[in-house]
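Participant: how would this look folded up:
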Amino acid sequence: MQAAPSVRATAIPTVTDALRAMESLLMSGGQRTARRNAWTSVLEDRRRAKDRVEAERMLQAVSTRG
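Facilitator: Model (predicted):
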């Protein structure tokens, strides 16, 4: 009887992993940092806009009660 061949589990790279690998090949470190900083700014702007809309809704709710 032969032993069953061992099976190795390897992680399948995600799309994010693939994009990061391509990014590291195509961009220098400074460009990568600049792009990430820009994206962080976009996310922060979106968060502030969401907070502003929520505050406006709360103010309208309070003003209609009075």
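Participant: use CA for all of it now, contacts and neighbours both
Facilitator: Fine.
Participant: can you map out the strands along the protein?
Facilitator: Taking DSSP state E as the criterion, the chain contains no strands.
Participant: any weak-confidence spans in it?
Facilitator: 1-4, 66 (pLDDT under 70).
Participant: pull the longest helix from this structure.
Facilitator: helix 29-65 (DSSP state H).
Participant: starting at the chain centroid, how far to it?
Facilitator: The chain centre lies 15 Å from the centre of helix 29-65; the measure is C-alpha atoms, centre = their mean, to the nearest Å.
Participant: tell me which residues in stretch 32-42 are buried?
Facilitator: When neighbours are counted by 16 or more other C-alpha atoms under 10 Å, no buried residue of stretch 32-42 is found.
Participant: contacts for that stretch, please.
Facilitator: Residues outside stretch 32-42 that contact it (C-alpha atoms under 8 Å, 6 or more residues apart in numbering): E23, S24.
Participant: using PDB, write out every CA atom in that stretch.
Facilitator: The C-alpha coordinates for stretch 32-42 follow below in PDB (Å, rounded to 0.1, in the frame of the first residue of the first chain):
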ATOM      1  CA  ARG A  32       3.200  54.800  -3.100                       C
ATOM      2  CA  THR A  33       3.200  56.900   0.100                       C
ATOM      3  CA  ALA A  34       1.700  59.800  -1.800                       C
ATOM      4  CA  ARG A  35      -1.100  57.700  -3.200                       C
ATOM      5  CA  ARG A  36      -1.900  56.200   0.200                       C
ATOM      6  CA  ASN A  37      -1.900  59.600   1.800                       C
ATOM      7  CA  ALA A  38      -4.300  60.800  -0.900                       C
ATOM      8  CA  TRP A  39      -6.600  57.900  -0.400                       C
ATOM      9  CA  THR A  40      -6.600  58.500   3.400                       C
ATOM     10  CA  SER A  41      -7.600  62.100   2.700                       C
ATOM     11  CA  VAL A  42     -10.400  60.900   0.500                       C
END
